[in-house]
Every structure is written in structure tokens, then in C-alpha cells.
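J.: Provide a 3D model corresponding to the input given below.
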Amino acid sequence: MPKRLLKPQRLLLALIIVTSASAAYHLFRLPVASTLHAAPVQTQGGPAYLHSDFVSHQQQVSTHAASLIELKDGKLRAFWFAGSREGAEDVEIRTAVYDGSIWSDERSVTDRVHTQQELQRYVKKLGNPVAMRAPNGELWLTYVTVSLGGWAGSSLTLIRSQDEGQTWSTPQRLITSPFINISTLIKGTPYSYNDGTIGLPVYHEFLGKFGELLHLSADGKVLDKQRLSAGKTSIQPVMLIEDERKALVLMRYTGAPPMRLVATRSHDGGKTWEAAGKTALPNPDAAVSAVVLNDGRMLLVANDVEQGRAALSLLMSKDHGASWQNIYRLEDQRDSSSKLEDYLHNNASLALTSDARINDAAEYAKSAQRNKCEGEQCSYEFSYPYMIQTKDGDLHLVYTWNRSFIKHVAFSRAWLDERMKGHDASVH
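T.: Below you'll find the predicted structure:
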């Protein structure tokens, strides 16, 4: 027969239960905002163009998980993480600014040591920075921090800037769980509700793997959160808002084959969501990004293949995400040789094609060798896309290039419309 708890132990247990229940009540008692906000975007009237370059240039490091945001003056700021390897203690969040022609020199925003000191708690590693615009005009950046275990033990940290990312506030943890506050990660683009509050597509990886939506107040406090899926096979949700009532969420699938994107829909402004289920679109357990154009078409960036991340494509849907057309291959090295000598030669050529202004393409290839080769065998990776449409209608995309650099691709609506001509084969 088990021993009875001593009175102090019973009091402590009761206190924990009451405290947890109170925290849960305060965190999740508020209703979800009634309507979603679809930001207006101008129709781009300029010439057709597509341009690419590298955002990051730091060599012989592991680089990953970029995001973008438009600044008040029309420039772009990118964020990503880089270090000796993903999850290493020397990983830091980095940033650079694009003035419409060239990227600035990259610099550090924060690192593990600084975050640990400011939070006054142990931080083992950090990653996945995502920027957003606060209702008061501040620039906010949230990133993943881990104190115990792997990514499943993560929490979100928020920093704020009043000068468009030149300087940053003291970090603060977002309280996304009333209990031990672990296993919340972020990847998707933030969005807005019509009442001025903010939505964050996040995901959970402890015990289960599923998508969620965090609802933040105008001052950055977590008001509530919603489940988008259940089980152990769907992460990294991306929100596509069609109007104040209708939205589609696409998620990365992590389960057994066949590998397909997962989707769920809302018809009531995000109050409720349909049961999540697989789509017909191939995706090899890889992140995606998407936007809704002002004419209702949806534009998706995805590794639309069954295995690997050697191909990355732009896809278009004219029917609310029911079917997709592959309109442009951004990258495709599925048939390229994996032998080291061929890999180095090919990647040097790819680097120059990606950014004609670099003068040391062979060194870019050697960085890819460091991250994507084992002995004489190598592989290609183009992954973790993040796409936004700026106020002038142009589209900007960043993604990981062979785990070594962040690549930027910019294109106009006119170029996109030209690509759509003659494309009539869909994935159903």
C-alpha cells in the first residue's frame, strides 16, 4: 500500500494544481478573434523580372531557416541562424538589409550566451527566427530557444526593436503553456486579426507533432492558442488568408509514405478548423511557404518531390488550394552527380548563377562540401523557403542553399503572369 503524503507534500501538490489551473485559465480563457485580416497589396505595374543573389556570405558555417520582413522605408530585412552546425552552442541569429539592389553586410542580432544572460536561465541552443510587425509599428523578432533536450524542449523568445532592427530590447519568453512551457517552435509567417491582434503559426514536437496557432495581444502577450492538427505527423503550419472568413493552412508531413502536404481550412474567421488531412501534393517532410495574391490565386514554394530536397519549385493554385500547377523550378539537382569532384564543379557554377557578383564561387562550393558531403559522396539541399509580397506587389523569397548560405529570389507580378501562360497541367 503506498505511503500517504505528508501534510507539507499535500499542500505543495495542491498549490501546483491550483497554480497550473489558474495559469491555464488565464492563458486560454479568451476567445479567438472573430475575423482574419487580409492585408491589401497593390497590383504591380512594372516590367517582368526575376533576380537572385545571396543574402549571407559567411563561409564554412552551417546556415539555415531564414525569414523576411518589409521595413517602413520599403527595404527588406532578413534573419537566419548560423554556426558550426545546427544546434551547436555557437549558433547565433544573424541579419542583413536589402535596399532593392544589394544586401548589406550581415551582422549578429543575438546569440546563446547573450540570450541566456538576459533571460537569466540556461539556454542550450537557439534557432528559427521569424519577424513580425507589431500594431504600434515596432519590429518584433521571435526565435526558438532550448534549455533541455532537443527541439522538442523548445520555447519561444521575443525581442523588440523601435529602430527597424538596429537595436533590440531585452529578450522575454512567451508563455505558450501553463505547465512547463516547452515544445513550441515557429517557422510560418505571422498574420493579423481585424482587431489588431497577431497570429503566429507554431508547432509542437514533444510526445506528439502537430500544428497550432498562437494569438498574441497588441503588447505581445499570449492570449490563447488553437490546435490545427493532432497526432505525430504535421508541423510548421503556413497560413493563407483568402478573406476575413476563409483561410487555408498547409503543414509539413512527418509520417510514413506517401509523403504529402497536410491541409486544414476555416470558414468562420479562424474560430474553428476542419480535420486536417493529406493533400495530393508531394512533399518530402520539408517546410513550405505561401502567399495569397490580390486576385485570389495562391502561390506556394515547396520541395514538390517524394524524396530529398534537391528540387524546389514555385506552384500556383487558381482554385483555393484544391489543385496546384508547377510554374517554375527554382532549383533542380536531382539528376546531378553526387561524386565530390563533380559536386564542387557544379556548385561553383550554381553559386555564380545564383549571384553573378561573387568572385569566389569555388569557396562557396567548398562551404557546401563542408555541410553536404561525407567523404566522396555529396547531396544537394534547397529548403526552408520563406516568401512575402511587398506593398508594391513584388515577391521576395529566401531559402537555405546547401545548408551553407541564404539565397534570395525576387520577381514581379508581371513575370509571374508570364509564367502562368501556357501552364495548364495541375496536380489533383
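
J.: How much space separates Ser367 from Thr353?
T.: In this structure, Ser367 and Thr353 are 16 Å apart, going by Cβ to Cβ, to the nearest Å. Where you see a C-beta, it was placed from the backbone N, CA and C, and this is true even at glycine.

J.: who has more neighbours, those two?
T.: Taking neighbours as other Cβ atoms under 10 Å, Ser367 and Thr353 compare with Ser367 leading, 23 against 10.

J.: Now for the residue nearest the centre of the chain: which residues touch it?
T.: What sits nearest the mean C-alpha location of the chain, by Cα atoms, centre = their mean, is Lys187, with 2.7 Å. Contacts here follow Cβ atoms under 8 Å, 6 or more residues apart in numbering; on that basis Lys187 touches 65, 128, 130, 201, 203, 235-236, 287, 384.

J.: again, only this time at 7 Å
T.: When contacts are counted by Cβ atoms under 7 Å, 6 or more residues apart in numbering, Lys187 touches 128, 130, 236, 287.

J.: and these, which are buried?
T.: 128, 130, 236, 287 (16 or more other Cβ atoms under 10 Å).

J.: The residue lying closest to Val288 once chain neighbours are set aside: how many residues sit nearby?
T.: Distances taken as Cβ to Cβ, 6 or more residues apart in numbering place Ala302 nearest to Val288, at 4.3 Å, with adjacent residues excluded. By other Cβ under 10 Å, the residues close to Ala302 number 26.

J.: tell me which of the contacts of Lys187 is nearest to Val409?
T.: Checking the contacts of Lys187 against Val409 by Cβ to Cβ gives Ala287 as the nearest, at 16.0 Å.

J.: That closest one belongs to a strand, doesn't it?
T.: No. Secondary structure assignment (DSSP: H, G, I helix; E, B strand; the rest coil) places Ala287 in coil, not in a strand.

J.: What score does it have for pLDDT?
T.: pLDDT, Ala287: 98.

J.: my guess is it contacts Met387, does it?
T.: No. Between Ala287 and Met387 there is no contact under Cβ atoms under 7 Å: 11.4 Å.

J.: And the helices in the chain, which stretches?
T.: 7-28, 112-119, 340-354, 361-372, 413-420 (DSSP state H).

J.: What residues sit buried inside the fourth one?
T.: When burial is assessed from 16+ other Cβ under 10 Å, helix 361-372 yields the following buried residues: 361, 364-372.

J.: In a markdown table: the residues you listed, plus distance to Arg297 and pLDDT.
T.: Output for the buried residues of helix 361-372, formatted as a markdown table (distance: Cβ to Cβ, whole Å; pLDDT from 0 to 100):
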| residue | distance to Arg297 | pLDDT |
| --- | --- | --- |
| Ala361 | 36 | 98 |
| Tyr364 | 34 | 98 |
| Ala365 | 37 | 98 |
| Lys366 | 41 | 98 |
| Ser367 | 36 | 98 |
| Ala368 | 34 | 98 |
| Gln369 | 39 | 98 |
| Arg370 | 40 | 98 |
| Asn371 | 35 | 98 |
| Lys372 | 34 | 98 |
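
J.: ok, the residue nearest to Leu314 when sequence neighbours are not counted - contacts?
T.: The shortest distance from Leu314 to any non-neighbouring residue, by Cβ to Cβ, 6+ apart, is to Tyr328 (4.3 Å). Tyr328 is in contact with 313-314, 419, counting by Cβ under 7 Å, 6+ apart.

J.: now Ala48
T.: 412, 414-415, 418.

J.: what does Ser217 give?
T.: Contacts of Ser217 (Cβ under 7 Å, 6+ apart): 197, 223.

J.: switch to 10 Å and redo it
T.: Listed by Cβ atoms under 10 Å, 6 or more residues apart in numbering, the contact set of Ser217 reads 30, 135, 195-198, 223.

J.: Name the nearest of those residues relative to Ser84.
T.: Closest approach between the contacts of Ser217 and Ser84, by Cβ to Cβ: Ile198, at 33.5 Å.
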